[in-house]
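Engineer: give me the fold of what follows.
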Amino acid sequence: MDPSEEKKDIQTSSKKKSYLRPAGIGLLLIVIAMALFFYLRPDSASELPPPLVSETATETSSETENTAEEEQVVEKETATSNLPETEAESASVLPMDIAPDVTAQAPLTPPVTEELQPAKTIEDKALSGCSLATDNIDTFYKNLDSHQYFKAYNIPPPSKDHFNELIQKLLANPPKVTGETDDLYTILRNTAHFFRISGKDNILMLKGVLNSERQFLEKLLSDYYLLLSSPDCSKIPYVSNISRDGLYEYACFFLNTMGGRLYLFRRDSLSRMAVTYYAILLIDQANQQNKNKHGISLKSAISMLISEMESGGAALQKSDLYLDTLYDLKEKYQ
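Structural biologist: The predicted structure follows:
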């Protein structure tokens, strides 16, 4: 190349560099000025994207709020499902933030409950007591039929039929209660009353039963008295044909006559106290019904029986019950 041309090229490139240097400096100044303007504006902070930590916290809080709202919705749906049908329909239609109009709701339907079994009435309990007493008496007679000593009396089974006939015979022929001491003949008749009405064979049989079954006599008297004193038991075969007037006569006989007292004192003390106790109850019933036609006074009989039971009645099965009843009667007849 010609040296003159090479010199011209060098001069040309140096001129170009001298022109580009100011232009580059100006462009850099413009970029710096725009950056300062952008970052130093008053509202630039609001336009900046939030930091990553803020985004996470915002997402967490929004998720918590969504979870709380979902739980509230579930609770409201559960409460709505437990409501009666009419209330559930109203709750599903009304907005959550609007209180339901009470006047617009349908009347509440009472919840369906299981039917309760009716409690036993007093009559049912009384009838069950009658059945239990009847079963006890049946058991006594069945056991009696099975004993060898009883079979020796040649009484055809069932023995309860024989005893029922004997009771009816005795009630139809009561002893003399008043005027017993007017003459010796009446005293002797009362003393031999059971022998005269029952007969020799029955007297021997009764003495054998009383001696062998004395431990069951108290329970037997209690069951018979329950059937006799309860109106609900009046149709039980054992007592349906028993004359209450006849029983009253025998109660007076045991408490107020010489012949009756002699019969009791020939028995053991426990049997005597049990028979005397129920005789007192029968006369008390007659007083309540204004049927004590002989005017028998119970005051002395009650006091004597209390003294006897307190001294020798501990072996009775219901001694506490007897004494409590007797003390009540003692206050009643003071």
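
Engineer: okay, CA-based contacts and neighbour counts for the rest of this
Structural biologist: Will do.

Engineer: how about stretch 228-240: buried residues?
Structural biologist: 228, 232-234, 238-239 (16 or more other CA atoms under 10 Å).

Engineer: how near is Ser311 to Ile302?
Structural biologist: 14 Å (CA to CA, to the nearest Å).

Engineer: related to what we said a few turns ago, which among the buried residues of stretch 228-240 gets closest to Met258?
Structural biologist: The shortest approach to Met258 among those belongs to Leu228, at 26.4 Å (CA to CA).

Engineer: C-terminal to the helix or strand where that closest one lies, what's the next element?
Structural biologist: Element membership for Leu228 (DSSP states H and E) is helix 214-229. Of the helices and strands lying after helix 214-229 in sequence (DSSP H and E), the nearest is helix 237-240.

Engineer: can you tell me the number of residues neighbouring Phe253?
Structural biologist: Residues contacting Phe253 under the criterion other CA atoms under 10 Å number 23.

Engineer: er, Ser297 I mean
Structural biologist: 17.

Engineer: same check, this time on Thr276
Structural biologist: 20.

Engineer: would you list the phi and psi of it?
Structural biologist: In this entry, Thr276 is assigned phi and psi values of phi -60, psi -40 (degrees, to the nearest 10).

Engineer: confidence score at it?
Structural biologist: If you check Thr276, the pLDDT there is 97.

Engineer: same thing with the one 5 residues further on?
Structural biologist: We have a pLDDT of 97 for Leu281.

Engineer: from here on, call the first residue 25.
Structural biologist: With the count now opening at 25, the last piece we talked about shows up as Leu305.

Engineer: give me the more crowded residue out of Ser335 and Ile326.
Structural biologist: It is Ile326, of Ser335 and Ile326, that has more neighbours when counted by other CA under 10 Å, with 20 against 9.

Engineer: and the helix or strand that one falls within, C-alpha only, in CSV?
Structural biologist: Ile326 belongs to helix 323-336 when assigned by DSSP H and E. C-alpha atoms of helix 323-336 as CSV (Å, rounded to 0.1, in the frame of the first residue of the first chain):
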residue,chain,number,x,y,z
LYS,A,323,-104.9,-53.0,124.0
SER,A,324,-104.0,-55.7,126.4
ALA,A,325,-103.5,-58.3,123.7
ILE,A,326,-101.0,-56.1,121.9
SER,A,327,-99.0,-55.2,125.1
MET,A,328,-98.8,-58.9,126.0
LEU,A,329,-97.6,-60.0,122.6
ILE,A,330,-95.0,-57.2,122.5
SER,A,331,-93.6,-58.4,125.8
GLU,A,332,-93.5,-62.0,124.7
MET,A,333,-91.8,-61.2,121.4
GLU,A,334,-89.2,-58.9,123.0
SER,A,335,-88.2,-61.7,125.4
GLY,A,336,-88.4,-64.8,123.2
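
Engineer: so the closest residue to Phe289 other than its chain neighbours is in which element?
Structural biologist: Spatial nearest neighbour of Phe289, excluding adjacent residues (CA to CA, 6 or more residues apart in numbering): Arg296 at 6.8 Å. In this structure, Arg296 is located in helix 293-312 according to DSSP H and E.

Engineer: how close does His196 sit to Glu332?
Structural biologist: Actually, residue 196 is Ala rather than His. 32 Å.

Engineer: buried ones in stretch 306-322?
Structural biologist: 306-308, 310, 316, 320-322.

Engineer: swap that for stretch 291-306, please
Structural biologist: For stretch 291-306, by 16+ other CA under 10 Å, it's 293-306.

Engineer: can you check what angle separates the helix holding Leu252 from helix 293-312?
Structural biologist: 10 degrees (axes from the mean of the first three to the mean of the last three CA atoms, to 10 degrees).

Engineer: now helix 238-253 - C-alpha only, PDB.
Structural biologist: What follows is helix 238-253, C-alpha atoms only, in PDB (Å, rounded to 0.1, in the frame of the first residue of the first chain):
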ATOM      1  CA  ARG A 238     -93.400 -75.800 112.200                       C
ATOM      2  CA  GLN A 239     -90.600 -74.000 110.400                       C
ATOM      3  CA  PHE A 240     -92.900 -73.300 107.500                       C
ATOM      4  CA  LEU A 241     -96.000 -72.300 109.600                       C
ATOM      5  CA  GLU A 242     -94.900 -68.600 109.900                       C
ATOM      6  CA  LYS A 243     -94.500 -68.300 106.100                       C
ATOM      7  CA  LEU A 244     -97.700 -70.200 105.400                       C
ATOM      8  CA  LEU A 245     -99.700 -67.800 107.700                       C
ATOM      9  CA  SER A 246     -98.100 -64.800 106.000                       C
ATOM     10  CA  ASP A 247     -99.000 -65.900 102.500                       C
ATOM     11  CA  TYR A 248    -102.600 -66.800 103.500                       C
ATOM     12  CA  TYR A 249    -103.000 -63.400 105.200                       C
ATOM     13  CA  LEU A 250    -101.700 -61.600 102.100                       C
ATOM     14  CA  LEU A 251    -104.300 -63.300  99.900                       C
ATOM     15  CA  LEU A 252    -107.000 -62.600 102.500                       C
ATOM     16  CA  SER A 253    -106.200 -58.900 103.100                       C
END
